[in-house]
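K.L.:
The following comprises the amino acid sequence and a computationally predicted model.
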Amino acid sequence: MFYRPGVDDHGLPHNPFKAIVSPRPIGWISTCDAEGRANLAPYSFFNGISDDPPMVMFCVSGPKVGIDEEKDSLVNIRQTGEFCVNFVAKALSEAMNISTGHYPHGDDEFFRAGLEKGPSNQISVPFVQTAPAAFECKLFQLVDLPGTSTMVIGEVVGIHIDAKHIRDGKLDVTSYQPLARLGYQDYTAVKDVFSINRPK
C-alpha cells in the first residue's frame, strides 16, 4: 500500500505511522516550574542526537487532552531552561503509565505514581530515584514544528547510572529491560541483545 499523509485516506482503522516508527525509546521527562513544583511525563518522540557534546531531543505535541492548558513539560522548560530525562525500566511501566495522565498544572506526578525524587547535581530538577539512568539537561533550543509540536533540544550536563546495571565495565540494558513505545497502546522491553562488528 501507499498513501500521502494528510492527503490520502490510508484505509486502516488506526494511523500506522507510530507503529512503523518503532520501537521508540521513552524519554520520561521531569521538570520544575518557576515555583519549584515538579512534573513528570513520558515522551516517545525522543532520542539522543549527538555525543560530543551529548545532546538529546524530545517533542511535545499539542495541549493537554481535556484541559485547556499547554503541557507542563514545555511550560516549565521555558521558565527554567532545565529538565531531566529518566529512562524507564520495565519494572517502572505502571508508574510511567500513571504519569501519562493529563493533570492540572502543579499536580505532582512523582507523588501520584509513588516515586521518590532524587536530587540532581547540576540543575534544580529532580530525577526519578529508581530509574536505571537519568540525564540532567540544560535547554539548548526550542524548535516550533508544523502543526502543534515543539521540539526541545537539550545538552546533557550530568549523567546518573545505577551501578547495579554495570557489568564488566558496560551498561547491561537486559538487567533492567528498558521500555520502548510501539504503535497503538503497545510497548516492548529490551530483553535480548546481539552484537555485529563493523566492517574493517
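P.N.:
Perfect, I can see it now. Residues are numbered from 1 along each chain as shown.

K.L.:
Could you point out the longest helix of this structure?
P.N.:
For the chain, the helix with the greatest residue count under DSSP state H is helix 72-80.

K.L.:
Poorly predicted segments of the chain, please.
P.N.:
Of all residues in the chain, none has pLDDT under 70.

K.L.:
for the chain, which residue is closest to the average position?
P.N.:
Per Cα atoms, centre = their mean, the C-alpha nearest to the average position across the chain is that of Gly27, at 1.3 Å.

K.L.:
what sits against that one?
P.N.:
Counting by Cβ atoms under 8 Å, 6 or more residues apart in numbering, Gly27 makes contact with Pro42, Tyr43, Ser44, Phe46, Asn47, Val56, Phe58, Val85, Asn86. Bear in mind the C-beta positions are built from the backbone N, C-alpha and C, glycine included.

K.L.:
Mind jotting down where the helices sit in the protein?
P.N.:
Going by DSSP H, the chain shows helices at 17-20, 72-80, 93-98, 109-112.

K.L.:
Output the second one as CSV, nothing but the C-alphas.
P.N.:
Output of helix 72-80 as CSV, limited to C-alpha atoms (Å, rounded to 0.1, in the frame of the first residue of the first chain):
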residue,chain,number,x,y,z
ASP,A,72,3.6,21.3,31.8
SER,A,73,6.9,20.0,30.4
LEU,A,74,7.2,22.7,27.8
VAL,A,75,5.9,25.5,30.1
ASN,A,76,8.4,24.6,32.8
ILE,A,77,11.3,24.3,30.5
ARG,A,78,10.5,27.7,29.0
GLN,A,79,10.6,29.1,32.6
THR,A,80,13.7,27.4,33.9
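
K.L.:
contact partners of it?
P.N.:
Applying Cβ under 8 Å, 6+ apart, the contact partners of helix 72-80 are 29, 31-34, 39, 41, 43, 60, 69, 83, 105, 124-125, 139, 142, 150, 152.

K.L.:
residues near the nearest residue to the residue nearest to the centre of the chain once chain neighbours are set aside, how many?
P.N.:
Nearest non-adjacent residue to Gly27, counting by Cβ to Cβ, 6 or more residues apart in numbering: Phe46, 3.2 Å away. By other Cβ atoms under 10 Å, the residues close to Phe46 number 19.

K.L.:
ok, Phe46 touching Val60?
P.N.:
No - when contacts are counted by Cβ atoms under 8 Å, Phe46 is not listed as touching Val60 (10.5 Å).

K.L.:
First-to-last residue distance for stretch 179-189?
P.N.:
5 Å (Cα to Cα, to the nearest Å).
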